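A.B. asks: Show me the folded form of this:
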Amino acid sequence: MTDFSSIDPATGATVWTGPATSAAAVAVAIARARSAFPGWSRTPLAERENRLRAYAKILEERRPALADAISQEIGKPAWEALTEVNAMIGKIELSITAHHRRNSEFSGGAAITRFRPHGVVAVFGPFNFPGHLPNGHIAPALLAGNTVVFKPSEHAPLVAEKMADAWRDSGLPAGILEIVQGARETGATLATAPGIDGLFFTGSAQTGLWLAEMFARTPEKILALELGGNNPLVVWSPRDLRAAALLTVQSAYLTAGQRCTCARRLIVPTGAAGDAFIAELVRITSRLRVGVHTARPEPFMGPVISAAAATRILAAQENLLAQGATALIASRPLRAGTGLISPGLIDVTAVAGRPDEELFGPVLQLIRVPDFSAAIAEANATRYGLAAGLIADDPAWYARFRDEVRAGLINWNQPLTGASGAAPFGGIGRSGNHRPGAFFAADYCAYPVASIECAELNVPRQIPPGLET
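C.D. replies: Have a look, this model is predicted:
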């Protein structure tokens with residue numbers, strides 16, 4: 001096995017070093033999960049719920065240590081890392097509630113519908129929420145009776161190990177949750193393995209497209225994709241400019257712009273109203289604290305995931321500027337060799353043929369439009385469809401926005417990054433494959449079986465013509 005390391009993106013310090021799982025070891029992990037599946041799937045639901053609740057209790061006890069691991073590997077400020085751990089804990093009861101609502105036995109006509117787990121499912125974890133997002137697949141999958149092989153992001157192996165420790169210490173029997181560590185090669189080995197019955201992935205559209213193309217050849221396997229977006233945020237003449245600017249900052253720059261729901265395109269009206277809002281946004285954005293997770297006072301945002309990611313983001317900004325964009329606030333490197341960069345606000349109104357790509361970092365692209373119809377058209381000018389938001393006082397604007405904008409998540413006068421675990425989470429277009437997660441994750445963790453049943457063997461009352469008796 002080859003060793004690899006995770007790196008603190010704010011300092012360059014090594015956080016964790018360990019072996020990448022070999023192809024042979026991936027096969028062994030799948031075999032262990034396969035062997036554990038019959039017993040786990042027959043375990044009473046109440047007992048599976050107890051195991052999940054025991055896991056949540058351990059997360060509560062280890063909250064500081066897990067949050068610190070998230071901060072070290074991802075660079076999140078401590079306050080934000082703690083909110084992620086809290087979301088992981090809250091996900092357990094939400095998953096139990098969702099399972100009962102979405103997967104409970106029911107009758108319809110003469111049929112009874114029950115639900116069965118798929119078998120062995122793979123879960124790929126992203127780096128931006130290394131605990132919460134894979135947890136959102138793992139918990140409902142285990143609850144439904146599946147066994148899981150978890151491949152975390154190569155940027156967050158320590159967080160994954162702490163999650164695996166918590167599951168083991170909760171009393172989860174061996175083989176029900178297997179973890180395989182590594183980078184692209186490990187993921188490709190797991191995704192293409194014949195022994196899995198499905199794969200749940202949250203991450204980039206590029207990887208999602210590769211998975212969709214590959215799984216098209218295996219329709220017997222379930223594939224659930226939650227991908228990114230080129231998300232629009234429309235700010236339409238709000239009276240409270242400060243509140244609107246604060247909501248925009250949280251929409252664009254939380255987690256250093258590394259949330260799949262972050263605003264990528266800011267759409268405002270031309271003229272004095274738009275100018276006044278932009279001035280307030282520039283004022284607040286210019287004052288954001290960016291720094292290492294140990295800094296005091298705490299920063300609003302930390303680094304992007306790596307020095308290489310910072311370089312790509314700054315290069316994309318330069319490309320836009322070369323095409324005619326104007327930097328109202330230029331994103332710039334704050335510490336060489338790290339992922340620390342400042343937030344940027346770039347006016348791309350004059351850029352023809354703007355690339356419809358997810359710029360996964362703290363660079364917000366401003367677009368000015370003449371009227372609300374143009375704002376809606378601009379919002380929909382994307383092949384993605386994850387999240388969209390409107391900041392406006394008039395409910396009539398929102399009624400139209402909600403009805404005409406194409407996205408799976410549409411918020412009004414709230415940060416675009418706000419999402420509820422008690423609701424479905426997912427998008428359309430290149431933002432997924434119509435299998436929303438969060439509360440609806442229960443839907444892809446089990447399949448329905450419809451049965452028409454009779455305890456006694458009776459001659460049918462109606463015999464079709466031509467059938468001799």
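
A.B. asks: For the nearest residue to residue 360 once chain neighbours are set aside, list the residues it contacts.
C.D. replies: Excluding the flanking residues, the one nearest residue 360 by C-beta to C-beta, 6 or more residues apart in numbering is residue 258, at 5.9 Å. Every residue, glycine included, has its C-beta placed from N, CA and C. Going by C-beta atoms under 8 Å, 6 or more residues apart in numbering, residue 258 touches 127, 128, 304, 305, 360, 361.

A.B. asks: how deep is residue 352 tucked in, by neighbour count?
C.D. replies: 7 (other C-beta atoms under 10 Å).

A.B. asks: Assign a three-state SS to it, would you?
C.D. replies: Using DSSP: H, G, I helix; E, B strand; the rest coil, the structure places residue 352 in coil.

A.B. asks: quick one on the thing from earlier: so which of the contacts of residue 258 comes closest to residue 79?
C.D. replies: residue 128 (16.1 Å; C-beta to C-beta).

A.B. asks: Am I right that that closest one sits in a helix?
C.D. replies: No: counting by three-state DSSP, residue 128 is not part of a helix but coil.

A.B. asks: Could you check how many residues crowd around it?
C.D. replies: Residue 128: 26 neighbours (other C-beta under 10 Å).

A.B. asks: which residue packs closest to it, ignoring adjacent ones?
C.D. replies: Nearest to residue 128 is residue 258, by C-beta to C-beta, 6+ apart, at 4.4 Å.

A.B. asks: any idea how far residue 436 is from residue 426?
C.D. replies: Distance, residue 426 to residue 436, using C-beta to C-beta, to the nearest Å: 3 Å.

A.B. asks: Need the residues touching each of these two.
C.D. replies: Common neighbours of residue 426 and residue 436 (C-beta under 8 Å, 6+ apart) are 226, 408.

A.B. asks: residues touching residue 339, list them.
C.D. replies: 9, 10, 75, 256, 302, 303, 304, 305, 306, 307, 309, 310.

A.B. asks: From those, pick the one nearest residue 224.
C.D. replies: Taking the contacts of residue 339 together and measuring to residue 224 by C-beta to C-beta, the closest member is residue 305, at 23.3 Å.

A.B. asks: What is the neighbour count of the closest one?
C.D. replies: Residue 305, neighbours per other C-beta under 10 Å, totals 25.

A.B. asks: Look up which helix or strand it falls in, please.
C.D. replies: Using DSSP states H and E, residue 305 sits in no helix or strand.

A.B. asks: what's whatever helix or strand residue 214 lives in packed up against?
C.D. replies: Assigned by DSSP H and E, residue 214 falls within helix 205-215. Helix 205-215 sits against strand 198-202, strand 222-226, with contacts defined as 3 or more C-beta pairs under 8 Å, 6 or more residues apart in numbering; DSSP states H and E.

A.B. asks: angle of the last one against helix 205-215?
C.D. replies: In this case it means strand 222-226. For strand 222-226 against helix 205-215, the angle by axes from the mean of the first three to the mean of the last three C-alpha atoms, to 10 degrees is 170 degrees.

A.B. asks: The helix or strand that strand 222-226 is followed by: partners in the sheet, and parallel or antiparallel?
C.D. replies: With elements assigned by DSSP H and E, the helix or strand that comes after strand 222-226 is strand 231-235. The strands beside strand 231-235 in its sheet (DSSP bridges) come out as strand 263-269 (parallel), strand 387-391 (parallel).

A.B. asks: Give me the buried positions along the helix or strand following strand 231-235.
C.D. replies: Next along the chain after strand 231-235, taking DSSP H and E as the criterion, comes helix 241-253. Within helix 241-253, the residues that qualify as buried are 241, 244, 245, 247, 248, 249, 250, 251, 252, 253, counting by 16 or more other C-beta atoms under 10 Å.

A.B. asks: And whichever helix in the chain runs longest, what's buried?
C.D. replies: For the chain, the helix with the greatest residue count under DSSP state H is helix 78-103. Residues of helix 78-103 classed as buried under the neighbour-count rule (16+ other C-beta under 10 Å) are 78, 80-82, 84-85, 87-89, 91-92, 94-96, 98-99, 102-103.

A.B. asks: With mean neighbour count as new columns, can the helices and strands packed on helix 205-215 be given to me in a markdown table?
C.D. replies: Below are those laid out as a markdown table (neighbours: other C-beta atoms under 10 Å):
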| stretch | mean neighbour count |
| --- | --- |
| strand 198-202 | 26 |
| strand 222-226 | 24 |
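
A.B. asks: Turn those into a markdown table, columns for mean pLDDT and distance to residue 31.
C.D. replies: Output for the helices and strands packed on helix 205-215, formatted as a markdown table (pLDDT from 0 to 100; distance: least, C-beta to C-beta, whole Å):
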| stretch | mean pLDDT | distance to residue 31 |
| --- | --- | --- |
| strand 198-202 | 97 | 17 |
| strand 222-226 | 97 | 20 |
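
A.B. asks: just to revisit the earlier point, for residue 235, see how far away the residue nearest to residue 360 is.
C.D. replies: For residue 258, the distance to residue 235 - C-beta to C-beta - is 22 Å.

A.B. asks: same thing with residue 176?
C.D. replies: With C-beta to C-beta as the criterion, residue 176 and residue 235 are 47 Å apart.

A.B. asks: Looking at the two, which is more packed in?
C.D. replies: residue 235 (27 against 22).

A.B. asks: Just list whatever residues bridge to residue 448.
C.D. replies: Where residue 448 sits in a bridge, its partners, by DSSP bridges, are residue 115.

A.B. asks: Please name the nearest non-neighbouring residue to residue 229.
C.D. replies: Closest to residue 229 by C-beta to C-beta, 6+ apart is residue 386, at 3.1 Å.

A.B. asks: Just give the number of residues close to the one you found.
C.D. replies: If we define neighbours as other C-beta under 10 Å, then residue 386 has 29 of them.

A.B. asks: Residue 264: neighbouring residues, count only.
C.D. replies: Neighbours of residue 264 (other C-beta under 10 Å): 28.
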